[in-house]
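Colleague: Fold the following, please.
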Amino acid sequence: MKLAAKWLGERRMLYAGLLFGIAGFAGFALAPDGFWMWVALPVFALWGLSNRGPQTLMSERVSVHEQGKLQGAIGSITGIAGMIGPFLFTQTFTYFIDSSRNWPVPGAPFFLASGLLLLPLVLAGRFTAARLAK
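Modeller: Prediction:
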């Protein structure tokens, strides 16, 4: 991870990781069988590149005395997402595989996850670009 951060920089590593996450989830959603899930897995694994970037970029924006608050906020948001995510994705899956639907979409939760990753990509672009302009 340190080598990637040194080579790409935190901002590009964040963008690359989010793009790999979007592509990986889309690959899972579109996979017609298990073989294609395995093909999408290495792409999805590169989503991990985005883990370090946001924390570093946020830490640079707060004072030394506010680091604990920042880490607590990050932990709280992660916990809330951990509670909402399973419910949201199982309900999405249930809705889109319902037998009353003419065209079931079993990959719908992965499409949703891919779409939801667009939000942090847009936000990262907006806030890191603002930082670069200063």
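
Colleague: before we move on, which element is the closest residue to residue 113 other than its chain neighbours in?
Modeller: Once flanking residues are discounted, residue 113 sits nearest to residue 25: 4.4 Å by C-beta to C-beta, 6 or more residues apart in numbering. Heads up, the C-betas are built off the backbone N, CA and C, glycines and all. Applying DSSP states H and E as the criterion places residue 25 in helix 10-30.

Colleague: Quick one: work out the angle between whichever helix or strand comes after that helix and helix 10-30.
Modeller: Remark: after helix 10-30, the chain's next helix or strand is helix 34-45, criterion DSSP H and E. On the basis of axes from the mean of the first three to the mean of the last three C-alpha atoms, to 10 degrees, helix 34-45 is oriented at 170 degrees to helix 10-30.

Colleague: Go ahead and name everything in contact with helix 34-45.
Modeller: Here helix 34-45 makes contact (C-beta atoms under 8 Å, 6 or more residues apart in numbering) with 20, 21, 23, 24, 25, 27, 28, 30, 31.

Colleague: Try it again at 6 Å.
Modeller: Here helix 34-45 makes contact (C-beta atoms under 6 Å, 6 or more residues apart in numbering) with 20, 23, 24, 27, 28, 31.

Colleague: Please save the CA atoms from that helix in CSV.
Modeller: Extracted as CSV, the C-alpha positions of helix 34-45 are listed here (Å, rounded to 0.1, in the frame of the first residue of the first chain):
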residue,chain,number,x,y,z
GLY,A,34,-19.4,-18.3,-11.3
PHE,A,35,-16.4,-18.1,-13.7
TRP,A,36,-17.1,-14.4,-14.5
MET,A,37,-17.5,-13.7,-10.7
TRP,A,38,-13.9,-15.0,-10.4
VAL,A,39,-12.8,-12.8,-13.3
ALA,A,40,-14.3,-9.7,-11.6
LEU,A,41,-12.8,-10.6,-8.2
PRO,A,42,-9.3,-9.2,-8.8
VAL,A,43,-10.7,-6.0,-10.1
PHE,A,44,-12.9,-5.7,-7.1
ALA,A,45,-10.0,-6.5,-4.8
